[in-house]
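Engineer: Take this sequence and fold it.
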Amino acid sequence: MTLSKEQILSHAGEVDTRDVPIPKWGGSVKVRAVTIREWEIHQSRMARIGDDESKQGKANAMLLARCIVDDSKRRVFEDADVNQIAELGAGDVVKLTNAVIELSGLTDDAEDEVRGESDAAQTSGSSSE
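Structural biologist: Next up, the predicted model:
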């Protein structure tokens, strides 16, 4: 069944969450998936950072400032907290960032899955001579 515009847009803003254990910190951190708007902003920021050393190391911190949430899915951090987040241990930040990316369906496996479904749909929908 093909979804209508209304059915698709009724899911705007819905994002999954996951608790990520960070043993060094003594517990878990809840992260949420990104929306496409947030992902594109993140990608744009990463491209603009380039060789600017004053901005390097902050792209993941900016993403996490938006994606670390409480149990009510409300942001824990404000944009003003990015510099402090950027000073956290790299391994823990990467673990949280990877969880956000995976939860958002932005991994290579997810891309392969989409390509496979797309290829299968094109194959089954095409007529052969």
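Engineer: got a list of what Thr35 touches?
Structural biologist: Gly13, Val15 (Cβ atoms under 8 Å, 6 or more residues apart in numbering). No exception for glycine: its C-beta is placed from N, CA and C like everyone else's.
Engineer: no, scratch that, I was asking about Asp70
Structural biologist: Per Cβ under 8 Å, 6+ apart, neighbours of Asp70: Lys30, Val76.
Engineer: And it, how close does it get to Gly91?
Structural biologist: 23 Å (Cβ to Cβ, to the nearest Å).
Engineer: Tell me if I am right that Gln43 is in a helix.
Structural biologist: Yes. Under DSSP: H, G, I helix; E, B strand; the rest coil, Gln43 falls within a helix.
Engineer: So for it, what's the pLDDT?
Structural biologist: Gln43 is assigned 82 on the pLDDT scale.
Engineer: neighbours of it, just the number please.
Structural biologist: Residues within reach of Gln43, counting by other Cβ atoms under 10 Å, total 11.
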